[in-house]
Every structure is written in C-alpha cells, then in structure tokens.
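In: take a look and give me a structure for this.
(one chain, ligands or ions: 1)
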Amino acid sequence: MPESDEEWRELLTDEEYRILREKGTEPRFSSELIDYDGEGTFTCAGCGAELFDSGTKFGSNTGWPSFYDAKEGAVEFERDTSHGMVRTEVLCATCGGHLGHVFEDGPDPTGKRFCINGAALDVEE
Ligand SMILES: [Zn+2]
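Out: Numbers count the residues shown, from 1 in each chain. Sure, this is the predicted structure:
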C-alpha cells in the first residue's frame, strides 16, 4: 500500500488519482462499468479491496455505477458539505480513497444508492 502522495501518483492513472486521492468526480456516463451486468466483485482501483458485489448493482440512470449495498466493513462514511450540498461521502475503508457518495433514494432491500465513480473501481469476474 502506498504511503506517500508520490507513491500514489506513481501507482494510479491521472484520472484515478484525481478521484481517489483528490475526491474528484468523473464525467456522467463516462464509465464503462455503468452498463456492466456480469457476475463479479467490484474492487478498489487503489488498493484492490473488495467493495461491492455485482448482485447489488442496479441501473440508476444517473450516469455513474450504482449499488444498493457495500460489502460489510468495506467502506467508511463521512459527512461532505462541499459544493453547497450536504452529502455522505463513501470512502474505501482500507486505503481511504474517495469512491463517491451514498443517497437515501435507492431500491429495496436497503433503500440506499451508492453512487460510485467507475474509475475508482476494478471488476474481478
Ligand atoms: Zn482502497
């Protein structure tokens, strides 16, 4: 696991670094993972930790990969008041990387909508 900012820069692509380490957001509908409907586990693009099961992925039509649940203990939450909004930020519990946000308008069974940057994810089939 990288320990310094310099090491993260070497490990990640520019886009991954901007999102995971600088809390950036990828453009809507830019991720190939939005339409991914295969079986697998979505992992952190930064550290490889398992974050989401493909079974919890759903089509939200928001422009970002969306899930109704995360794997137990895989993510952490932080209150985010940037951009004049009050949101709940979702971070990788292992490396602290920024993944996206979670909203309360998701489908059953959780009612949650994890809105996640595809660039912050890899998929293992
Ligand atoms: Zn991570």
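
In: what is the burial count for Arg87?
Out: 16 (other C-beta atoms under 10 Å). For every residue, glycine as well, the C-beta is placed using N, CA and C.

In: could I get the contacting residues of it?
Out: Arg79, Asp80, Thr81, His101, Phe103 (C-beta atoms under 8 Å, 6 or more residues apart in numbering).

In: right, and the second one touches Phe103 too?
Out: Going back to what we said before, that points to Asp80. No: with contact defined as C-beta atoms under 8 Å, Asp80 does not count as touching Phe103 (11.7 Å).

In: shared neighbours, those two?
Out: Common contacts of Asp80 and Phe103, defined by C-beta under 8 Å, 6+ apart, comprise Arg87, Thr88.

In: would you mind listing what in this structure touches the ion?
Out: Cys44, Gly46, Cys47, Ala49, Cys92, Thr94, Cys95, Gly97 (C-beta under 5 Å from the ion).
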